[in-house]
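Participant: Fold the following.
(2 chains)
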Amino acid sequence: MNPFNYDTEQLLHVAHQVRRDIVRMVHAVNSGHPGGSLGCTEFLVALYFRQMTHKPEFDMNGIGEDLFFLSNGHISPVWYSTLARAGYFDPKELATFRKLNSRLQGHPATEEQLPGIRIASGSLGQGPSVAIGAAQVKKLNGDDKLVYVLTGDGELEEGQVWEAAMYAAHHKVDNFIWTVDYNGQQIDGPVDAVMSLGNLRAKFEAFGWKVLNCDNGNNFASLIPVLDEAKSLTGQGQPICILMNTQMGYGVDFMMGSHKWHGVAPNDAQLEQALVQLKETLNDY
Amino acid sequence: MKDFPYSESKDTRSGFGAGLLELGRTNPNVVALCADLVGSLKMGDFIKEFPERFFQVGIAEANMIGLAAGMTIGGKIPFTGTFANFSTGRVYDQIRQSVAYSHKNVKICASHAGLTLGEDGATHQILEDVGMMKMLPNMTVINPCDYNQTKAATMAIADYEGPVYLRFGRPVVPNFTPADQKFEIGKAVMLNEGKDVTIIATGHLVWKAILAGKLLEAQGIDAEIINIHTIKPLDTEAILASVSKTRCVVTAEEHQFNGGLGESVARLLAQTMPLPQELVGVDDSFGESGTPEQLMEKYGLNEQSIVAAVQRVLARK
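Facilitator: Numbers count the residues shown, from 1 in each chain, chains lettered A, B, ... in the order given. Purely as a prediction, here's the structure:
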């Protein structure tokens, strides 16, 4: 049972605030990754405020909870904001993002013991392996909850993800849902120009996965039925993959759909221009 | 010079296999993973008795390290098994981020370390692994010397919370450590007390140090011999107590000078008690194919090399 179980209207309310948090956080330190963070806002908000069974009183082992792992750790702003807004820590702490002595490192880490983080990520391609290991231990422990991982699409250029994909199918890790943020962008340009992924659906299917498509991961009406379906397909001997189409920078018009805002912070004027598009719904930190 | 009687020679990797089996029976949280080298790592008995706690990963070491890190979440204690080369160099970034930086309770168990892997040659003979592992914050580095000590170490690291690199090897070597000797992480084992020189050895070089001690005795040189099975954290107290008495030291290891035990000892002495030190190890070179004995002789890792190093260091005393 999710501790919030929000409906779409309530989820939208949270998503607006998370987006404000993201642009304010990266602006404040003039660094960080707003593009992918904005693009995955609906996904993170849906997981923490509707889909997952989880406890904001954080416990590393997470027995009896659904677990989420962020493999593309550079979109830490959206995760930090979502965790704070879900009650894992005080939203005021978002002001320390990327600053000296902060628990909110540039990329997620366990060293400073920020509630909600179970493994460091940032060097890409490692999250699926970690999450699959955690999923297998859930089975060993007789724990029927699920494990989620999010990767980027450019991240799929790392070879380790395909080792993990092969393993999960072979070992029938069917309590596991891998979502790919399929925004088609990476630092150096469109994924198709940098290193095309070809037919991603066919690739995952050939590895033995059940693959679902989400037409618009920036629309709760499109996203939630897919997340529900993924959950309903667990326990059937196959790992589940969701190819989630999103727009990098979604919600801020001048950041949308381009790789240019992958890892660039807005200046003062751009921040103002962004914030007028994003309603303050839960009080700025 | 004390005698070190032994009834048989065995490989250290079999000590790992025996320790893992024992752990399977005594600690239900222990799980094991292997990257297609079950026979080489002697994991067969564990797998036979605890199939549900064993995970075959295939030839995918990066995935194995990530899986192991994830398996700690939920309370398991994963032991990964493959050759030392594939346990470290091939997966350094995975160990760095998902294990060491993330404080995960993973035991990276590495066989076929060093030149004594033999005929396979330099692609497989890693001589840099201790350096890579000891540089990682949070990582403990252990290199036991014989079957009994490797078995005891395997069991001891399950009771320690945190990442461990456990290094062992392929060849059979005299099994002289008492079977009931307690393994204490970070605590040196005094093998022979002496007054003229301290020999600090780790792994397969411990037995070579004992052989060297006997040769030195015939020359009237009284060597103190210390088995440093834990390279990190280093037992600085034991080393300083010995060297303050003998006033000189020789270190011996199956590893490059760069990044090895000798460097750790040199740093300790430089900062606290600058005294002459000579090093036995590999001098910035890869290995090659050959029998373990041939390689240990060619690369200067046998008892004669230790004796020569002692003579050099005594001349500098």
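Participant: what about stretch B:242-254, how long is it end to end?
Facilitator: 22 Å (C-alpha to C-alpha, to the nearest Å).
Participant: Next, the buried residues of that stretch.
Facilitator: B:242-243, B:246-254 (16 or more other C-beta atoms under 10 Å in any protein chain shown). Glycine gets a C-beta too; all of them are placed from N, C-alpha and C.
Participant: Where do the strands of the stretch 51-200 of chain A begin and end?
Facilitator: A:67-70, A:147-152, A:176-182, A:185-186, A:189-190 (DSSP state E, counting those that start in this stretch).
Participant: Next step: the buried residues of stretch B:242-254 restricted to strands.
Facilitator: B:249-254 (DSSP state E).
Participant: Out of those, flag the one nearest to A:W162.
Facilitator: B:E254 (35.0 Å; C-beta to C-beta).
Participant: my guess is the closest one contacts B:E128, does it?
Facilitator: No. When contacts are counted by C-beta atoms under 8 Å, B:E254 is not listed as touching B:E128 (11.6 Å).
Participant: can you count the residues close to the residue of the stretch 151-285 of chain A found nearest chain B?
Facilitator: Nearest residue of the stretch 151-285 of chain A to chain B, counting by C-beta to the nearest C-beta: A:E163, 3.7 Å away. Counted by other C-beta atoms under 10 Å in any protein chain shown, the residues lying close to A:E163 total 24.
Participant: Mind listing what's buried along stretch B:36-55?
Facilitator: Under 16+ other C-beta under 10 Å, the buried positions of stretch B:36-55 are B:37-38, B:41-43, B:46-47, B:50, B:53-55.
Participant: got it, and stretch B:100-108?
Facilitator: B:100-108.
Participant: tell me the two of those residues that are most distant?
Facilitator: Farthest pair in the buried residues of stretch B:100-108, by C-beta to C-beta: B:Y101 and B:K107, 16.9 Å.
Participant: I'd like the buried residues of stretch B:36-55 laid out as CSV, including secondary structure and pLDDT.
Facilitator: Shown next, in CSV, are these (DSSP: H, G, I helix; E, B strand; the rest coil; pLDDT from 0 to 100):
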residue, secondary structure, pLDDT
B:L37, coil, 97
B:V38, coil, 98
B:L41, coil, 97
B:K42, coil, 98
B:M43, coil, 98
B:F46, helix, 98
B:I47, helix, 98
B:F50, coil, 98
B:R53, helix, 98
B:F54, strand, 98
B:F55, strand, 98
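Participant: which among those are in contact with chain A?
Facilitator: By C-beta under 8 Å from any C-beta of the partner chain, the members of the buried residues of stretch B:36-55 lying near chain A are B:53, B:55.
Participant: Mind giving me the packing neighbours of the helix or strand hosting B:L215?
Facilitator: Taking DSSP states H and E as the definition, B:L215 sits inside helix B:205-218. Using 3 or more C-beta pairs under 8 Å, 6 or more residues apart in numbering or on different chains; DSSP states H and E, the elements in contact with helix B:205-218 are strand B:189-192, strand B:197-201, strand B:223-227, strand B:249-256, helix B:303-315.
Participant: partners of the second one in the sheet?
Facilitator: Strand B:197-201 pairs in its sheet with strand B:223-227 (parallel), strand B:249-256 (parallel), by DSSP bridges.
Participant: got those as TSV, with distance to A:E280 columns?
Facilitator: Converted to TSV, these look like this (distance: least, C-beta to C-beta, whole Å):
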stretch	distance to A:E280
strand B:223-227	65
strand B:249-256	59
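Participant: any chance of the ones you listed in CSV, plus mean pLDDT?
Facilitator: Output for the strands paired with strand B:197-201, formatted as CSV (pLDDT from 0 to 100):
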stretch, mean pLDDT
strand B:223-227, 98
strand B:249-256, 98
